[in-house]
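[1] model the following, please.
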Amino acid sequence: MADEGVSTLTPPHDAVASKVASRAVLESAKVSYEVSHPLASFEAVLDASSVESVLSFNDALPEELAGTVLIDLLGFSSGNRARDKHARRSLSTDAFPSAQLALRGLKLQKNMDGSKSAQSRVRGQCIAALSLHGQSRPWPAEVELQWSEDELVLTSTFRILLDDFSIPRDKLFGVAIRNEVPISVELRYRRD
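    Numbering: from 1, shown residues only. Okay, the predicted model is just below:
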């Protein structure tokens, strides 16, 4: 028996919090990485058709973001065929042609929307796993989410260490490329 004055009923949910998650289908993608060396650096850009992704998203609970982002590594181009061939060899794209980010949530850090507009923004850290070069690692990348009733945009800039995924580093004039590779991502989704 419950104590008097203590409710054992579940409190009613407000209308916003009870919204169900919607499906977000990728419409466009901008993904790039930069490789640097003491003597040179280059950027490779991913062809947007080389990314597949579907997310589940709830306006009221953005921390429940979930889904996958699958990247065909053969879609990257630096504008130099020989350099791209070396990158594909280092990434072992014959054996590991894709990378995958499995999102399981978002640890919110900042609500960036101070207005009552139809669009909202938050910043947080992904609760995710990155699979690359045949290995999977927890991936707590910083992301920013911006959404409206019909669109969701996920942006992130992060760095990977090639050594973390046992990716061999090519050499230029006997000196290896840097271990740290900056990556920039902008994914635009249409919400169903």
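
[2] residues in contact with the helix or strand bottoming out on mean pLDDT in the chain?
    Lowest on mean pLDDT, DSSP states H and E among the helices and strands of the chain sits strand 171-172, with a mean of 85. Identification of contacts with strand 171-172 by C-beta atoms under 8 Å, 6 or more residues apart in numbering yields 37, 39-40, 177. Any C-beta I mention is one placed from the backbone N, CA and C, and that applies to glycine too.

[3] so which of the residues you listed sit within strands?
    37, 40 (DSSP state E).

[4] CSV please, covering the contacts of strand 171-172 and showing distance to residue 56 and pLDDT.
    Listed next are the contacts of strand 171-172 as CSV, based on distance: C-beta to C-beta, whole Å; pLDDT from 0 to 100:
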residue, distance to residue 56, pLDDT
37, 40, 88
39, 45, 87
40, 42, 87
177, 37, 91
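
[5] list buried residues within the contacts of strand 171-172.
    Among the contacts of strand 171-172, the ones that count as buried by 16 or more other C-beta atoms under 10 Å are 37, 177.

[6] skip the chain neighbours and tell me the closest residue to residue 66.
    residue 56 (4.7 Å; C-beta to C-beta, 6 or more residues apart in numbering).

[7] just give me how far the least confident helix or strand of the chain sits from the chain centre.
    29 Å (C-alpha atoms, centre = their mean, to the nearest Å).

[8] against residue 68, how distant is the residue nearest to residue 66?
    To residue 68, residue 56 is 10 Å away according to C-beta to C-beta, to the nearest Å.

[9] do residue 136 as well
    According to C-beta to C-beta, residue 136 stands 12 Å off from residue 68.

[10] likewise for residue 175?
    37 Å.

[11] over to residue 75?
    On the measure of C-beta to C-beta, residue 75 and residue 68 end up 16 Å apart.

[12] would you say residue 163 is within a strand?
    No. Counting by DSSP: H, G, I helix; E, B strand; the rest coil, residue 163 is not part of a strand but helix.

[13] in the chain, which spans are helices?
    81-91 (DSSP state H).
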